[in-house]
Every structure is written in structure tokens, then in C-alpha cells.
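**Student:** mind folding the following:
(2 chains)
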Protein chains: 2
Amino acid sequence: MERIEFIEGGSVTSVPGFLASGVTAGFKRSGAPDFALVFSETPANFTGVFTSCTFAAAPVLLDREKVVKGGKLRAFAINSGNANACTGEKGLANARRSCEIAGAKLGIPADEVAVASTGRIGVQMPMELIEKGLSLAVPALSPTGGPDAARAIMTTDTVPKAVAVRVTIGGKAVSIGAMTKGAGMIDPKLIAPHATMLCCIATDAEADNATLASLLLPCAQDSFNRITVDGDMSTNDTVILMANGRSGAKIVSGTPEAELFREALLKVMQTLARAMVMDGEGATKFVTIEVKHARSREDAVLAAEAVANSVLCKTAWFGNDPNWGRVVAALGYSGAVFDPAKCNIYYNAVPVVRDGGDAGTPEEELVKEVRGREFVITCDFGEGEGEYWVWASDLSHEYVTINADYHT
Amino acid sequence: MERIEFIEGGSVTSVPGFLASGVTAGFKRSGAPDFALVFSETPANFTGVFTSCTFAAAPVLLDREKVVKGGKLRAFAINSGNANACTGEKGLANARRSCEIAGAKLGIPADEVAVASTGRIGVQMPMELIEKGLSLAVPALSPTGGPDAARAIMTTDTVPKAVAVRVTIGGKAVSIGAMTKGAGMIDPKLIAPHATMLCCIATDAEADNATLASLLLPCAQDSFNRITVDGDMSTNDTVILMANGRSGAKIVSGTPEAELFREALLKVMQTLARAMVMDGEGATKFVTIEVKHARSREDAVLAAEAVANSVLCKTAWFGNDPNWGRVVAALGYSGAVFDPAKCNIYYNAVPVVRDGGDAGTPEEELVKEVRGREFVITCDFGEGEGEYWVWASDLSHEYVTINADYHT
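**Tutor:** Sure, this is the predicted structure:
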């Protein structure tokens, strides 16, 4: 029986052939680590998904180019503290220059370096800090450097987010390790073929770029594209998947092996997506909004997203307030087509709304459900087969504090 | 020269032939006034616009019916503290019963009474309080009762919102008086032909129902549909316009008189819309987001709404943080089509973004602009003729406090 196992303390460097490091280049005034480097000892196949924001940042534009062009990737350099977004031609030149510097220091072609940035928008990249970051990060590369790298990409995150799994595919042990960051400016734009945060995934499976692409996008749609913290999509969202093939397990689209790999990849990405919502800016709740029996999947998406992004629902959750009136209001304006009289709502398994009206469950029992750190709101439209779910955080005082002060 | 003049301390009862009252029926635990009645001494023509929420409340369903059916309106009864939403057939029967009770007490047909409710969703209307409210409100009707009525419809509003204007049309003095309430669950759904709050407008102009309808909707689209507090549309939004014809000024569609009346009506509705944003839950800022030279009006709408409802922009405004990165991010994910390299942004008249990048204005100067109670963000896409603007409040700690506690 094939099983997908989590590796304790796993990260990108849990994958054989991948090195990583996290250092302090000086982007953050706090002096915390702010520059991460992930390096594949051998040229890796790769793919990526990116923000659909019109104001895509320079590194996004550059990485997209590399994904479209294809070829191999060896290194992924990430700085935290400057987004290199809205920086025009100079910003793009700086992103290219970053690849060149990294390539020179690593002894590889600049083409085989991807870059990502997160932090303040609209400020030109201080290239001396990139230079410094790479000078420190290249010699620091280590087969145990994954956790350091995960720490270095944090912004308002309170905990680093890294994970790795192992699975046997075709008799060979395959690892997938990953890290992500993102606690604010987090929104699922699920229709667009783009992910919504910053993530590096490494694997030693063997797959060509097209196969990787065909696996990454659906997994992104069922993980990162399902989460929301504040409904604000970023200019810099980037997910890069690198496969060095070292395990010898060949992944070919449409085979059971590919399906198993997809499952493992999805597990990694959902674990990180969950961690992002749990660590959402100021988040005190992890709420799953599940829509069932909608007329279509599109109706289910509209309904789930409206509740997940409703400021009134999110503040009610923060207040341990069952307030289902706000849930029905959000469903009502979501644009989803449904018959209110057929709508049933549950908090966990407890009936809240029956046939569009109060289910009669005493308020205290509902409070018990929403008081938990984690709960599920199920909206059953009782009409068709459309289904969708999203993960959302609440909206707290701490969120306001963080975002009335933090300068992106 | 025709001029539209504000009437000091104006309200619905500034209009000859309209009486009003505001009393305490007992819906609010605080004991504050919570029941308002507006009464036209003679049968008035009327129209209305309503929420587009699928979960429209019982009084909305009933009033819509009356608007479609046509005829005359004499009274508009509004309670605050119970929304009569998600209350099913019983809720609808209760709304009808309210009209009957009001009709009996006023000595008019039940058909000529409209009702509106605001407050908690999902609780059946305590009909004994409606009975009590009407028993008190009918004898309290007075030609100076407008301010009392405006006070009685408040929920989390901190100030009553009433206004009246006078304008000479065709040599005759015409008055328009109005009141509104709404500080939370306020969102413009601009594409839908529906307004988004609770408002009663009275006038002594003479116009048939069709003419009133043709005037009210465009004015709603340029006033209430342009505002947002929290991006949450309500189940109960209702605007009722009554015209008793007493001034003798006849308004016929397509004439200069109708245009002047429309201007006056728009002034009344914009004044109230502005007041609603100013008094938005926890609001400390009044921000106009203006989009110019978009490829189409639709692009301008998408862009302006995205910024107005961005939780990150709203918290930045609360923090006096110029953070234009959040504005461009919101524009970027809005769905509006534009070329970032042609985008210019201004705070009031101060350049913030030039050609998609930092305009170079020192941070201190930008802080000066956003520190004001009121400022304008202009996004110029430099491409076409599409234009749109919205009014938005910020998102403060006070908002979270109000909404983590207040049970809708």
C-alpha cells in the first residue's frame, strides 16, 4: 500500500540534492534573516505559477519568462523586505542583475536562477544588499539549511512554514520538500491560473517541465488558491517547483505514479496553505467554508468566497459570535444563484439555518462551536452538485494593528 | 437662476404635507427610540429601490410588490432592532400584518403602507412591539417630527442623518426631505439596479410613479451605490421615495424641470450617502477613490471598487500610512484592464505614482495628505474615457470592536 509520510522537521533540504541557506542581508531593519537561497546540486526541471495581478513585480515578470522559455533551474534566491514591484524597467534590470550575480557566485548560468521578492512595494532594490545576501548565502548553502531559508523569507509571519513528505513511487523513495511565507495580502483568485503567495517546492522525482506544470497548477488551485486572509492579492505571488530527478522515480502524466505524486504534492501544498491561514496576520480562527449542492461549481465558488472575505463574518468569528445573519447576507450578495428557502447551514455538525430560516438551535450551542480555534461552516443549497470549500482566517484587532503600521 | 438650497435642520417633515414621529417600541435593549413613522396627509405617488441580496428580507419582498403594483402610498413604518430577514412565510405574514395594523390605526388602506426593518437577522418579529410602536407613533405624528424619525431608525449610527433642500421649479417652491440610516453592512453593488441602505425620501413635487422610478434609480447609482463601509451588502436595503404633489410643480420626464428636480434629488441622496460613510462603523476617514481615463467605465468601476474595499488599503488609511503599494496591488487584482506603465496616482493633487512607479514625492508629504479626515485618491490610467468614483471609509480598531460584539 502506498502511503505519503510527513518527514519530521521537513523542509526543502529534506530532498536529496537540494541545499539551502538563510542569511541577514540587511533588508529588514530588525536585523532578522531576510535572504534565502535554494540550490539544486544538479540542473533541475522546473515550473512555476504566479500572481494574476496586473502590477506583477519585476521578479514575477522575469520568472514567468523563464518558465515559458523552459530549460533547467539550479537556484532560487528570495529576499524579504523589498518587493521590487512597481519599479519599472530599472526594477526588471535589477532582477536580471540579481540572477547574474547569483550565477557568477554559484558558477552557473544566470538563466538557471529564479528570483522572488517580498516586502515594500515601489522602492528600487538596493543591489548592494542583494550582493551582500548572495555573498553570505552561497557559502552558507547546506543540506540542512532548509529551516534557515524558511525563516529568512518571513515578513509578518510569526512562524516559519516548511514541510516535507516522502512517498514510494514505482519502488523508489521520492521526497517533496517545500517552504512558504505569507500572512497578509493573501487572497485566492481561484479562477485565474495563478497562485497567491510565495513558495519554493523541491523534489527528487524525475519529471519534465510540462509534466511538472500539469501537476502544479491543479494542486495550487486546490491549496493556495483556496485560502484567504484579507482578500488582497499580492503583486509578488510566486510558486516555483524544482525536480532534480535524483530519486530515479519517473513521473509520466496520466499514470498511477503521476497520480500518487500529485497526491503527495497536494498534501505538501495544502499543509503549507493551512499553515498560512493559521498564521494569517492577527488570525485567531481557522474557518473552513464549505458549499454543497449548489447549482454549479461556479455558484459554490462565489458563495464560499463571499463568506470567506466578508469583513462582517470575519469580525464576528473573532468575537466568537455565531451571527449567521452575516453568513446568509454574504451568500445573498455573492452572486451565486440559489433558492434561499432550500438553504441549510451548519456550524460543524450543528444546524444553524433550516430552509432559509433559524434552525432553532440555542445560541449557547452555536457559541460553543464558533468558540473553537477551528470550525467548519457548511452551506447546503440543496439543489445541484456544485461544491467548493475555502479556508479563511478571522479579522482581529491585531490585524488592524499590524496593517495600520506595517508599510508594505 | 435656479438654485438648490439646503434647509437648515431639514428632514422629511421639511416637506409640506408630511408628518413623522420616532418613538421607543422596545426593540432596542438600550431603550433608545426604535420605531419611526412617516405619513403623507394625502395619498402620494411613490417608488422604491431595494437590495439585490438573494436573502432579501420580508419587508423588502413586500415593498417590492407594492412598487411593482403601483398605486399610492400614505405611510412608511420603520423599526430598528429586528430585520425580519430569513424569517420565511411567517416573516412575510408579519410584515403584511404590520401594514394592516398601521392602516387600521391611521385609517388608510393597508396597501398604502410600506414597511422597513433593520437589526438582527433571523428572529421573528415581536408583533406586540410593532403594535406598541404604532400605538405610540401614530398619535405622535407631527409636522416637526422628522428629526425624531431619523433618530429612531439608527442602529450603530452615531448621528442621525436627515437633510432637506428647496428648489424653485416652474416658478413653484419644491422641497425634498429625507432621512437615512446605516453605518455597517454597507456596500455598493453598483451593477445591480438596487440601492444599499435604508432611506425615506419625501417631496411635494408632482410626479407619477414611473417618473419617480426613472429619477430614483440613476440617483441611487450616483449616491448610495457609490459608497462602501465594509463591502457587505445588507438583506434589508430599502429606499422609498414619496411625492405628494402639494407644491403643484409638475415633473415630466425629459424636461428641464425634471432635470432640475433630479439634481436636487441627487444632492439630497449624495448628502446622505456622504453622511453614511462619515458615520461608517468606526470610520475615521472619508476617502474618495476616483478612477480616470480607464479603457471603459466598467474598468473604472472594477478598479475603484477594489481599492475602496481593500482591507489592506482601509487599514493603511486608518494608520495615516500613504502605502500606495496597497493601492496598486488592489488595482492590479481588480480585474480592470490597463497598462501599469501608464498608470499615475495622486493623493489629492500630490503625485504618488508616475508611469507605474514611485513618483518620488517624499513620504512626509504623502503622510500630510492621508493624515486628513478626508482625501482623494486619483488613479489615472491614461488610456480611455472610462471614469468612476466611490466614497469609502477606513477600517479601524473601533470597527472590529463594534462588529465582534454587535449581533446583527
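**Student:** hmm, the host helix or strand of A:H293 in reach of chain B?
**Tutor:** Here A:H293, judged by DSSP states H and E, is contained in strand A:286-294. No. Judged by C-beta under 8 Å from any C-beta of the partner chain, strand A:286-294 stays clear of chain B, getting no closer than 12.2 Å. Where C-beta positions appear, they are placed from N, C-alpha and C, glycine not excepted.
**Student:** chain B versus A:N320, what's the distance?
**Tutor:** A:N320 is 8 Å from chain B, where distance means C-beta to the nearest C-beta, to the nearest Å.
**Student:** got it, and A:V311?
**Tutor:** Separation of A:V311 from chain B (C-beta to the nearest C-beta): 4 Å.
**Student:** which ones are touching that residue?
**Tutor:** Listed by C-beta atoms under 8 Å, 6 or more residues apart in numbering or on different chains, the contact set of A:V311 reads A:L395, B:D230, B:G231, B:D232, B:V311, B:L395, B:Y399, B:N403.
**Student:** with A:R246 instead?
**Tutor:** Contact partners of A:R246, counting by C-beta under 8 Å, 6+ apart, are A:P16, A:G17, A:T42, A:D204.
**Student:** can you tell me the average pLDDT over the strand ranked longest in chain A?
**Tutor:** Determined from DSSP state E, the single longest strand within chain A is strand A:35-50. Strand A:35-50 carries an average pLDDT of 94.
**Student:** tell me which helix or strand the residue of chain A positioned farthest from its centre sits in.
**Tutor:** Most distant residue from the mean C-alpha position of chain A: A:G360, 38.5 Å away (C-alpha atoms, centre = their mean). Counting by DSSP H and E, no helix or strand carries A:G360.
**Student:** in the stretch 51-200 of chain A, what residue lies closest to chain B?
**Tutor:** Relative to chain B, the nearest point of the stretch 51-200 of chain A is A:I121 (2.6 Å; C-beta to the nearest C-beta).
**Student:** from memory that residue sits against A:A85, does it?
**Tutor:** Yes. Under the criterion of C-beta atoms under 8 Å, A:I121 makes contact with A:A85 at 4.5 Å.
**Student:** common neighbours of those two, please.
**Tutor:** Residues touching both A:I121 and A:A85 (C-beta under 8 Å, 6+ apart): A:A57, A:T235, B:G325, B:V328, B:A329.
**Student:** of the residues you listed, closest to B:R29?
**Tutor:** Proximity of those to B:R29 (C-beta to C-beta) peaks at B:A329, which lies at 41.9 Å.
**Student:** please tell me how far the residue nearest to the closest one when sequence neighbours are not counted sits from B:G81.
**Tutor:** Leaving out its chain neighbours, the residue that sits closest to B:A329 by C-beta to C-beta, 6 or more residues apart in numbering or on different chains is A:T235, at 5.2 Å. Going from A:T235 to B:G81 by C-beta to C-beta, to the nearest Å gives 44 Å.
**Student:** one more: A:E263?
**Tutor:** In terms of C-beta to C-beta, A:E263 sits 52 Å off from B:G81.
**Student:** more neighbours, these two?
**Tutor:** B:G81 (22 against 15; other C-beta atoms under 10 Å in any protein chain shown).
**Student:** quick one: secondary structure of that one?
**Tutor:** Here B:G81 is strand, with the state taken from DSSP: H, G, I helix; E, B strand; the rest coil.
**Student:** one more: the one 3 residues further on?
**Tutor:** Look at B:N84: counting by three-state DSSP, its state is coil.
**Student:** neighbours of it, how many?
**Tutor:** Neighbour count of B:N84, defined by other C-beta under 10 Å: 32.
**Student:** pull the contacting residues for it.
**Tutor:** Counting by C-beta under 8 Å, 6+ apart, B:N84 makes contact with B:A57, B:A58, B:P59, B:G91, B:N94, B:A95, B:S117, B:Q124, B:M125, B:N236.
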